[in-house]
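> here is a sequence together with a model predicted from it:
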Amino acid sequence: MKKLWILALLALAPAFAQLTELPPGPGRDLAFTKCQQCHDLGYVLDSAGLDREAWKDIILSMMDAGLELTDEEFATLLDYFSTYMGENPPPPPEEEAEQIKKDVTGIDVYKKACVACHGENGQGVPGAFPPLAENPYLFKDRAYPALVVIFGLEGPIEVNGQTYSGLMPSFAYLSDEEIAAVVAFIRNNFGNDKLRPEDFEDLTPEEVKALRQKNLQAKDVHALREKLK
């Protein structure tokens, strides 16, 4: 009965189809990462406008379906959704967003968007998330790592002799500056600097912006990776 009630709320959400991305606010990165482990962001975006109790029930239902959250993560998500996607969300902090773009660093982006799955040292999680450390695919094509971040990656891949078959969600909500910075950071750390060709140049934010226009799907990025073998 509870699930039927939640589905009804989703269908009646007043902001249906109005949002195209998660609004900025504390907890946004956690919401992006956790929600896309099971489904795309459409289910979340279509729920904008619900009150705090409704959001609480939705999060609990996701946990019933297998989503793992600590008490702190639960509280963070509930505060984020009920505040920034609730009945009376605050206006977007445009000046703050612009300042974030100016001050972006690769390590900061990695910590907020990548470390949960790929580890502090890029080691990944055996059997679950592939390592980024000492990964030759980072240099087989200049655009490939950024395309993975923008469009995601779906399909079996092999890294350092191990096979992974999971789905990496799109992180297209990151700015062009953030994507350029985090790809450069990964390429210059975790032992990848030893693999870096002498004349290799990192992507610029302008190049990342152009890559967004390709309008690929995660399976298309996988097909590109296969060609790089």
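Yes, it's here. None of the values given here were measured: they were computed from a predicted structure.
> after the helix or strand harbouring residue 57, which helix or strand is next? Please name it.
Using DSSP states H and E, residue 57 falls within helix 52-64. Tracing the chain C-terminally past helix 52-64 and defining elements by DSSP H and E, one meets helix 71-84 next.
> from the chain's centroid, how far away is the helix holding residue 57?
Remark: helix 52-64 is offset 21 Å from the chain centroid, using Cα atoms, centre = their mean, to the nearest Å.
> and what of stretch 194-201?
The mean C-alpha position of stretch 194-201 is separated from the chain mean by 27 Å, Cα atoms, centre = their mean.
> domain assignment for the chain?
2-84, 94-227 (automatic domain parsing).
> re earlier: show the average pLDDT along the helix holding residue 57.
Helix 52-64 shows a mean pLDDT of 91.
> next: stretch 179-193.
Rounded mean pLDDT across stretch 179-193 is 96.
> hang on, the earlier thing: tell me what the helix holding residue 57 is packed against?
Judged by 3 or more Cβ pairs under 8 Å, 6 or more residues apart in numbering; DSSP states H and E, helix 52-64 is in contact with helix 2-12, helix 71-84. (Glycine included, C-beta is placed from N, CA and C.)
> worst average pLDDT in those?
helix 2-12 - the lowest mean pLDDT of the helices and strands packed on helix 52-64, at a mean of 42.
> so after that helix, what's the next helix or strand?
Later in the chain than helix 2-12, the nearest helix or strand by DSSP H and E is helix 28-35.
> now do that next one against helix 71-84, angle only.
Helix 28-35 runs at 110 degrees relative to helix 71-84, counting by axes from the mean of the first three to the mean of the last three Cα atoms, to 10 degrees.
> what is the first helix or strand past helix 28-35 going along the chain packed up against?
Sequence order places helix 42-45 as the next helix or strand after helix 28-35, per DSSP H and E. Judged by 3+ Cβ pairs under 8 Å, 6+ apart, helix 42-45 is in contact with helix 28-35.
> dump stretch 198-217 to CSV, keeping only the CA atoms.
In CSV, the C-alpha atoms belonging to stretch 198-217 read as follows (Å, rounded to 0.1, in the frame of the first residue of the first chain):
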residue,chain,number,x,y,z
GLU,A,198,55.6,13.5,-23.2
ASP,A,199,53.7,15.5,-25.8
PHE,A,200,50.2,14.7,-24.3
GLU,A,201,47.9,17.7,-23.7
ASP,A,202,45.0,17.7,-21.3
LEU,A,203,41.5,18.7,-22.4
THR,A,204,40.4,22.3,-22.0
PRO,A,205,36.9,23.3,-20.7
GLU,A,206,36.1,24.5,-24.2
GLU,A,207,36.9,21.0,-25.6
VAL,A,208,34.7,19.4,-23.0
LYS,A,209,31.9,21.7,-24.0
ALA,A,210,32.2,20.6,-27.6
LEU,A,211,32.2,16.9,-26.5
ARG,A,212,28.8,17.4,-24.9
GLN,A,213,27.3,18.0,-28.3
LYS,A,214,27.9,14.4,-29.4
ASN,A,215,24.7,13.3,-27.6
LEU,A,216,26.0,9.8,-26.9
GLN,A,217,24.7,7.0,-24.7
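> below-threshold pLDDT in this structure: ranges please.
1-20, 37, 40, 92-103 (pLDDT under 70).
> how far away is the residue nearest the centre of the chain from residue 148?
Residue closest to the average C-alpha location in the chain (Cα atoms, centre = their mean): residue 171, at 3.4 Å. Here the criterion is Cβ to Cβ, to the nearest Å. By it, residue 171 lies 9 Å from residue 148.
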